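J.: based on what follows, work out the 3D shape:
(one chain, ligands or ions: 2)
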Amino acid sequence: MMTNSKLFSDAKKVIPSGVNSPVRYFEPYPFFTKKSNGAYLWDAENKKIIDFCNGYGALLLGHRRKEIISAVSNQLSKGTLYCTPTESEIELSKLIIGNFPSIDKVRLVNTGGEATMTAIRLARGFTKKKKIIKFEGCYHGAHDSVLVKAGSGSAHNGISVSDGGLDEVSKNTLVVQYNNIEDLQKTIQKNKDIAGVIVEPILANMGLILPEKNFLSDLRKITKENNIPLIFDEVVTGFRVAPGGAQEHFGIKPDITTMAKALSNGFTIAAVGGRKEIMDLLSPGGKVYQASTFAGNPISVSAAIASIKTINKIKNKLYSKLERFNLLFSTALDDMATDMNIPHQINFTASMFQIFFTNKPVTNYETSKKADSKKFEKMFRTLLKRGIFIAPSQFEVVFLSDAHTENDLNKTLDAYDAALKSVKK
Ligand SMILES: Cc1ncc(COP(=O)(O)O)c(C=O)c1O
Ligand SMILES: NCC(=O)CCC(=O)O
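T.: Ligands and ions are numbered 1, 2, ... in the order given. Just a heads-up that it's a prediction; the model follows:
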């Protein structure tokens, strides 16, 4: 049997740092997954692990969900890539538009990063302006204009602006504090050249940070008053917090929306959608260029159609169950840490939560950075020893899926109990 340790030493020889995305690495080495099903992963050493990383939020319905696997198997028998339009793309676009009333038209792309890159280019093409505003700690993918004071692996590895990124690009990205509407107002007043504001409506890349009351509605009001397109990056929140994403949950209409992850429950697809007059600027009808060989590929499209149909069919049960599980879990975890006298904060909403080891509320990049990440890593390691996998970094969140059972959650709470004890030592 191959061990995780042997696989990692092999991997390092042929893959930089042994991983294909930085967030997958943790000390001393990550486990290597052989297969998954429902709520579980099995590693190279045949250990069964309860998964709370869930494809960084993609697997809302759980691994190998039957409706999706059967739609994809059906498509596999008909071909994998045509590079011509298909009727399925129309069906998927109608489903997306049906769930997101702010969207008149939608382009399919492959990754969240590609979606935000296209959204920003569209905002620039529409306004003929240059600068974009992003919020500290929000992560929108690994491209130059958004990899500035970003969260996720970029915060974890202390990379505020990436080597190799162009200053000419990052200097056109203005960074504003999350949950600080005055900061946004001042930045808009000082700069006349703003093409768009991009935001994670719920910040899920600095741990979990919730928008304070009125933050998103004020953001909408101010951008509208100043004729600045507002981009909601719903790569994490789309379909996860509601069938129509955070914009449905908070009742706010952005001008452009990006989505990925739970859109397809584990296949490579993302989308950028928005108002007709903006979306129609895309080439070939317009002059904003976006293109990709794999965009709208029939495999991912079939997965996304099956995901949305499943979500829409079971939505009345799905979201209330996940919210109930999350409330029970987060409350029990809070009680446990309080009983142990461990300074902590728990932020939770819908099917996401995170614990921070700090006695101050976590409301933005700075307060998240001040939490004790060494304690978090200790907790992570104890959880993993006990067969529970959460994303390895303080700057990610814990994702529940429809496949988790009460029994899984009880086991996980026992593991958190041991993990908190290890933190206390
Ligand atoms: C909010 C948000 N936007 C964009 C992205 C980038 O998505 P991808 O990794 O598919 O490029 C992520 C990825 O984690 C994300 O969390
Ligand atoms: N929250 C950050 C991600 O989901 C990104 C995953 C990756 O970079 O592999």
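J.: which single residue of the protein ends up nearest ligand 1?
T.: Residue of the chain nearest ligand 1, by C-beta to the nearest ligand atom: Gly112 (2.2 Å). Heads up, the C-betas are built off the backbone N, CA and C, glycines and all.
J.: surely that residue touches Val235?
T.: Yes. If you go by C-beta atoms under 8 Å, Gly112 and Val235 touch, sitting 3.8 Å apart.
J.: out of those two, which sits in the busier spot?
T.: Val235 (31 against 27; other C-beta atoms under 10 Å).
J.: what about the helices in the stretch 251-400 of the chain?
T.: 276-279, 298-339, 365-370, 373-385 (DSSP state H, counting those that start in this stretch).
J.: got a list of contacts for the least confident helix or strand in the chain by mean pLDDT?
T.: The helix or strand of the chain with the poorest confidence is helix 152-156; it has a mean of 90 (mean pLDDT, DSSP states H and E). Contacting residues not belonging to helix 152-156 are listed as 21-23, 137, 139, 142, 147, 160, 162, 205-206, 365, 369, 393-396 [C-beta atoms under 8 Å, 6 or more residues apart in numbering].
J.: just those residues that are near ligand 2?
T.: Counting by C-beta under 6 Å from any ligand atom, Ser21, Val23, Tyr139, Asn205, Glu396 from these sit close to ligand 2.
J.: just give the closest residue to the first one, not the sequence neighbours.
T.: Using C-beta to C-beta, 6 or more residues apart in numbering and skipping residues adjacent in sequence, the residue nearest Ser21 is Gly153, 7.4 Å away.
J.: tell me the average confidence for stretch 348-362?
T.: Stretch 348-362 carries an average pLDDT of 98.
J.: my read: Asn37 touches Arg64, true?
T.: Yes. Asn37 sits in contact with Arg64 when judged by C-beta under 8 Å, with a separation of 5.1 Å.
J.: so can I have a markdown table of the helices of the stretch 251-400 of the chain showing mean neighbour count, mean pLDDT and distance to ligand 1?
T.: As requested, those are arranged in a markdown table below (neighbours: other C-beta atoms under 10 Å; pLDDT from 0 to 100; distance: least, C-beta to the nearest ligand atom, whole Å):
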| stretch | mean neighbour count | mean pLDDT | distance to ligand 1 |
| --- | --- | --- | --- |
| helix 276-279 | 16 | 98 | 19 |
| helix 298-339 | 18 | 98 | 12 |
| helix 365-370 | 20 | 97 | 14 |
| helix 373-385 | 18 | 98 | 18 |
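J.: would a markdown table of those helices with distance to Thr80 be doable?
T.: Formatted as a markdown table, the helices of the stretch 251-400 of the chain follow (distance: least, C-beta to C-beta, whole Å):
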| stretch | distance to Thr80 |
| --- | --- |
| helix 276-279 | 27 |
| helix 298-339 | 6 |
| helix 365-370 | 41 |
| helix 373-385 | 35 |
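J.: any idea which of the ones you listed gets closest to Gln290?
T.: Among these, helix 276-279 comes nearest to Gln290, with 10.5 Å by C-beta to C-beta.
J.: show me what that closest one is packed up against.
T.: Here helix 276-279 touches strand 105-109, helix 112-127, going by 3 or more C-beta pairs under 8 Å, 6 or more residues apart in numbering; DSSP states H and E.
J.: quick check: residues of the stretch 101-250 of the chain near ligand 2?
T.: Within the stretch 101-250 of the chain, the positions near ligand 2 by C-beta under 6 Å from any ligand atom are Tyr139, Ser152, Gly153, Asn205.
J.: which two of the residues you listed have the greatest separation?
T.: Spatial extent of these (C-beta to C-beta) is set by the pair Gly153 and Asn205 at 9.0 Å.
J.: ramachandran coordinates for the residue most central in space within the chain?
T.: What sits nearest the mean C-alpha location of the chain, by C-alpha atoms, centre = their mean, is Val236, with 3.1 Å. For Val236, the backbone dihedrals are phi -90, psi -40 (criterion: degrees, to the nearest 10).
J.: residues in contact with it?
T.: With contact taken as C-beta under 8 Å, 6+ apart, Val236 is in contact with Tyr56, Gly57, Glu200, Ile202, Ala204, Asn205, Lys261, Met352.
J.: mind checking how far the fourth one is from Ala350?
T.: Meaning Ile202. 8 Å (C-beta to C-beta, to the nearest Å).
J.: nothing else from me, thank you.
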